[in-house]
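Enquirer: Next comes the sequence, and after it the predicted model I'd like to discuss.
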Amino acid sequence: MRWILIAALAVTVTTAAAAQRSHVGPHFAYNFDFDEAAIGAQMHLPIATAVELYPSFDYYLTDGFTLWGFNGDLKFRGLGTPLYFGGGVNFLKSGSTSDTGFNVFGGFERRWGMTHPYIEVRGIFHDNNNSLQMAFGLNLTLF
């Protein structure tokens with residue numbers, strides 16, 4: 001009986017430790033209101049069991065002008081589910097103008113081994129410009 005308890009504890013600790021690793025990866029996004037595709041990257045930095053610091057960057061594939069965005073978010077994962085949600089600060093830079101707003105998001109991430117594919121919907125809110133964006137990406141576990 002003692003060995004069963006030790007094995008169960010080892011599996012629990014190993015699973016919790018794997019969930020507490022940092023992740024990084026690329027993504028492809030489409031912003032429906034800008035009518036522009038974007039490429040970018042994100043990083044997951046664990047803070048607590050189900051809370052991560054979640055910075056991300058988007059470079060929009062525009063014609064004739066430069067548009068990029070940065071998000072500084074907190075991500076909350078549902079324990080035992082592949083669903084997550086969160087929000088934070090959004091910074092957009094277009095040419096010589098910049099604007100700071102906020103964003104909220106939700107998504108579905110599958111944690112298989114070292115790779116974690118995901119799909120996410122994000123609302124981006126600024127004083128004069130609100131938009132909806134969908135992203136598909138792959139997170140890779142860092143050691």
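Expert: Thanks, I have it.
Enquirer: Arg111 - how many residues pack around it?
Expert: Burial of Arg111, expressed as a neighbour count using other CB atoms under 10 Å, amounts to 16. Backbone N, C-alpha and C define where each C-beta goes, glycine included.
Enquirer: list the contacts for Asp73?
Expert: Leu53, Tyr54, Pro55, Ser56, Gly86, Gly87, Gly88, Val89, Asn103, Phe105 (CB atoms under 8 Å, 6 or more residues apart in numbering).
Enquirer: wait, Thr62
Expert: So Thr62 contacts Glu36 (CB under 8 Å, 6+ apart).
Enquirer: Could you verify that Asn128 is part of a strand?
Expert: No. Applying DSSP: H, G, I helix; E, B strand; the rest coil, one finds Asn128 to be coil, outside a strand.
Enquirer: Now do the contacts for it.
Expert: Listed by CB under 8 Å, 6+ apart, Asn128 has no contact partners.
Enquirer: and the closest residue to Phe28 other than its chain neighbours, what does it touch?
Expert: For Phe28, ignoring the flanking residues on the chain, the nearest one in space by CB to CB, 6 or more residues apart in numbering is Phe136 at 5.5 Å. Residues near Phe136 by CB under 8 Å, 6+ apart: His27, Phe28, Ala29, Pro117, Tyr118, Ile119, Glu120.
Enquirer: Out of those, which sit inside strands?
Expert: Among the contacts of Phe136, DSSP state E puts His27, Phe28, Ala29, Pro117, Tyr118, Ile119, Glu120 in strands.
Enquirer: can you name the two of these that are farthest apart?
Expert: Maximum pairwise distance in these, criterion CB to CB, is 14.4 Å, between Ala29 and Pro117.
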